[in-house]
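Enquirer: here you go, sequence then predicted model.
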Amino acid sequence: MKIVIIGAGFTGSLLAKALIAERNKVILIDKSPERVRSAGDQLDCTVIEADGTDLDILEKAGIASADALVTLTGDDEINMITCSLTDAIYPDVLKIARVRNYDYYTRTVDIVRKGKNRLSENGRPVFGIDHIINPDVAVASSISRAMEIGAAGSATEIEGGYEIIVLPVAEESPLSGKKLRELAAIPEWKYLVAFVESNGETELPCGDTVLNTGDHVGVLVRNSEVPKLLRFAGVISTPINRVAIFGADNIGALTVAAQEDRKKAFWRAFLKLGKTKSRELLVIDRDAELCRKLADKFPDARILNGDITDDGFLLSEGVCDCDLMVAASGNYERNLLTAAYLKLRGVTKAIALTLDSAFSGIAAKLGVDVTVPMRDVVIDTIMSHLRGRNIKAVHSVGARKFEIVSCEVSSKGEVAGKKLRELEELNGSLVLLIRQPECSSYEIPNGGTELREGALVVLIMPSGDSEILEMFAGKPEMTA
Amino acid sequence: MTYTVLRILTYVLGITGSSLLLPVAVAAIEGERHMLAPFLIPMAIAWGLAAVFWLKVREKPKVIGIQDAFSVVGILWIVICLFGAIPLYFSGAFPSFTDAMFESVSGFTTTGATVLANVESLPRSVNIWRCETHWLGGMGVVALAVAMIPLLGAGGFRLIKAETSGPDKTKLTSSVATTAKLLWFFYIGMTIAATFLLWRYGMDYVDALCHAFSSMGTGGFSSRNGSVGSFGLPAAEWTCTLFMLLASVNFMLYCRLLTGHFSEAFRNSELRAFLLIVIASSLALFCIEGRSFRDACFQVASILSTTGFMTGDYTTYLPASQIVLAALFLVGGCSGSAAGGVKIIRWTVLAKQFVNEMHRLIHPYGVFSLRINGAPVRDGVVSTVSAFIFAYIALIMISAIAGAAAGLDLVTAISGAFSMVGNVGPAFGELGPTSNYGFIPSPLKWWYMIAMLAGRLEIYTLLLLFGNMVRKHPRS
């Protein structure tokens, strides 16, 4: 695939790196000579020093033959307009723009929602942008997912109501010391181990894989069975009823909004006599104006205007009694320290928003339970859109070594019509879920499952292994 | 300034003059020939002045400043009350001009406190005029004028702001004239409905009109000494209850309903609080007193809407029920309605602020937002409301002292002050519902007139008018 990226900042370079690793052709365009030099030194791709908004430059860079355009400059308006301009001349190129301004994002999303029928007539996206990536939205949903499973590990939502939950194997856990084969024999264990992280190495498991204390396992589980799994694995001790969120800007607000939605779900659950309990939310920020805005928006959350490092503040508002601390301010270092500090002061679990996954190790040493790496989340989101038409979603796991891909079995792929146990070449990948063409729900396949044409499969495979993908989906096509 | 006042005065005089047509018609139909002159003379004066002013101002600029708006409305109300007093004085039914003026102010401010012991002996045309003043004052004559004046621009909204009640006033439609027209459209529509129902349930046309005017304006004048109760028509009492309550709801809400915003009306904090108060106090009165539920509802509606109709003498009720009613004196109706009093929205704001302050004690770092109708309100609202309530209570206190100085007993002086400032009408003690204001000394009557006007125009308007008058260098 040929992908043009405008903006060679941190995100742009990281994205280029990830794409190059998957043997894509990447053209990086940036105005700043310094950034161009450093990108050219580090990355094996074409780097052009020019203004990416100039259509002539884009044409020279080969936009006409490119599959996708990703705009990642620091300027929302430039990102959006560049996509729009390109769309006017090259409507077939997939266009992805990063838009940091939350208002732009919501308004565009609103327009898409309201004009759904009208827009589909000529099939053009709003402003010519196929996907708008808002870092705050991506990060907030990542945080919310981690909160959902009680910060016991990280969670990734997969197709069809399934999630991959990464759990630590504790000493007292029933998982510890077991072979997967033994685990499968336990009647309560109805889950699938997708990957195992042991001593920093991620591997796909087989029946003889042993789970040792200190390992992390990625478990495929249905949404509704997450609590059951967590209880079985002995990770959840106390329910999370009181959550403190540090940072009242966009990410904080979106996280609160997600919890409020959860409350609405609570009422639905209440009618069904479900067990979901409503949570008490505390939002803490030093900025009085941000606090004011948030208080206006969310009357049910407790908004506190104070310094989180101030002992008097912590005591008088009872922040230390919280079950979960979410440090999600714009200051990443402070997030780490705050999360670590509050854990020391008695908060049960802590989630910290960090700049990228490089901080995860430090965070774990400091006692922070979950880190949400901002850049990685954004790149994951972009990457999930940068696949062929047949490939729906991508999530990377195990420090990007593996990725979980959802795709459709195409008639052009070799595997179509075969049974799973007949596929010996699938080495290094694992089919996690399958939805046969006539079925409406996903299920965990076994050796006898046939891969019929048109079936949707979710597989875990080494990152960027296009050969495996081609076996399922045929040659990737960007344009349609 | 002068031209603006004159221009609006032209319309207001025109409206006042035209509104005298109704008593003239009643006088003609009922054969009260001696009453024709007292109505026709002020009508001629009003129309004549209007015509003269019209010639003077029609070519002049049509702008109005915010400072002027308050003065203009204050002056207009005094002028209207004066015109209203003329027919009453010439009818010969009132012993002095002070009494006629008191009756007129009480009428236009929708208070409904009468100086007469026997209203049944009045000519029917005079009775209809007394009740019509309620109706004109209820929605606001100036609002009616604004509805009719073309091209007044943004200034018109300032005039309406100075006249209507409530802390937060919004324009309903893009143009202020359309807003005013819509409001009057609902007002007239409901009055017609009330008149028809009352007539249908057994009143004759004059009584039906009188009580419809009185209910919709939340006034309280009646054509009978025993008020609504003396008709002995339960259906008519229910009708009056309904329309008194309807008139104390914000009229903007009816417009929102008309345009299909049902959920907005349902979410309205003030309306919810209003309904809660009506139901709770009706039930309380019913349980304590043990009389008919109809009576309980009627009394609550009458006092809460600041109408002052009655079906029985509440001063003979048990003390507990009297306290319930006395509390309602201070509550009042909704903002933007024809009712008087402090207005429920203000109490709602203060109550919510009180809850926030409680929270603040427990959570000293907490940031709390005050929400009315499901949306956060601007920061200044709480202080605006607090300042208003201070002024309101201060006015009641001064009026109570004035009453005591004039020789009234304690209960009468205090409840009279509540009644006057809140535009209710009847009070407790010597000024109870079966009594009248005829016996109080003239100076106190004049003070009460000021109190009624201040209460109707929500204090600031009148205060600013006097402020402008005493200032040495008035704004040019």
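Expert: Nice, thanks for sending it over.

Enquirer: who are the contact partners of residue 45?
Expert: Using chain A here. Applying CB atoms under 8 Å, 6 or more residues apart in numbering or on different chains to residue A:45 gives the contacts A:16, A:20, A:25, A:26, A:27, A:28. Glycine gets a C-beta too; all of them are placed from N, C-alpha and C.

Enquirer: if you could check chain B rather than the one you did, that'd help
Expert: Applying CB under 8 Å, 6+ apart, the residues near residue B:45 are B:17, B:83, B:86.

Enquirer: do that again at 10 Å, thanks
Expert: If you count contacts by CB atoms under 10 Å, 6 or more residues apart in numbering or on different chains, residue B:45 has them with B:13, B:16, B:17, B:83, B:86.

Enquirer: and it, what's its pLDDT?
Expert: Note on residue B:45: pLDDT of 90.

Enquirer: so it is in which element?
Expert: Per DSSP states H and E, residue B:45 falls inside helix B:36-57.

Enquirer: please determine whether the strand or helix carrying residue A:326 lies in contact with chain B.
Expert: Using DSSP H and E, residue A:326 falls within strand A:324-327. No - using CB under 10 Å from any CB of the partner chain, strand A:324-327 stays clear of chain B, with a minimum separation of 16.4 Å.

Enquirer: residue 132 - nearest residue in space that isn't next to it in sequence?
Expert: Picked chain A for this. Leaving aside its sequence neighbours, residue A:132 sits nearest to residue A:99 (CB to CB, 6 or more residues apart in numbering or on different chains; 5.1 Å).

Enquirer: was after chain B, sorry
Expert: The nearest residue in space to residue B:132 (CB to CB, 6+ apart) is residue B:213, at 5.5 Å.

Enquirer: return the distance of that neighbour relative to residue B:84.
Expert: Counting by CB to CB, to the nearest Å, the gap between residue B:213 and residue B:84 amounts to 13 Å.

Enquirer: spell out which residues are contacts of both of those two.
Expert: Common neighbours of residue B:213 and residue B:84 (criterion: CB under 10 Å, 6+ apart): B:107, B:129, B:130, B:132, B:133, B:136.

Enquirer: widest-spaced pair of the residues you listed?
Expert: Across the shared contacts of residue B:213 and residue B:84, no pair lies farther apart than B:130 and B:136, at 11.4 Å, counting by CB to CB.

Enquirer: of these two, who's got more company?
Expert: Applying other CB atoms under 10 Å in any protein chain shown to residue B:130 and residue B:136 shows that residue B:130 carries more neighbours, namely 30 against 21.

Enquirer: pull out the buried residues from the one helix or strand that one maps to.
Expert: In this structure, residue B:130 is located in helix B:124-139 according to DSSP H and E. Within helix B:124-139, the residues scored as buried using 16 or more other CB atoms under 10 Å in any protein chain shown are B:124-139.

Enquirer: same check on stretch B:288-298?
Expert: Within stretch B:288-298, the residues that count as buried by 16+ other CB under 10 Å are B:288, B:289, B:294, B:295, B:296, B:297, B:298.

Enquirer: sort those by pLDDT and name the bottom one.
Expert: Least confident entry in the buried residues of stretch B:288-298, by pLDDT: residue B:289, with 84.

Enquirer: surely it is in contact with residue B:314?
Expert: Yes - the pair formed by residue B:289 and residue B:314 meets the contact definition of CB atoms under 10 Å, at 9.1 Å.

Enquirer: and residue B:221, that's in a helix?
Expert: No - Residue B:221: not assigned to a helix; according to DSSP: H, G, I helix; E, B strand; the rest coil it is coil.

Enquirer: need the contact list for it.
Expert: Applying CB under 10 Å, 6+ apart, we find residue B:221 in contact with B:103, B:106-107, B:110-114, B:116, B:119, B:127-134, B:210-211, B:213-214, B:227, B:307-309, B:425.

Enquirer: cool, thanks, talk later.
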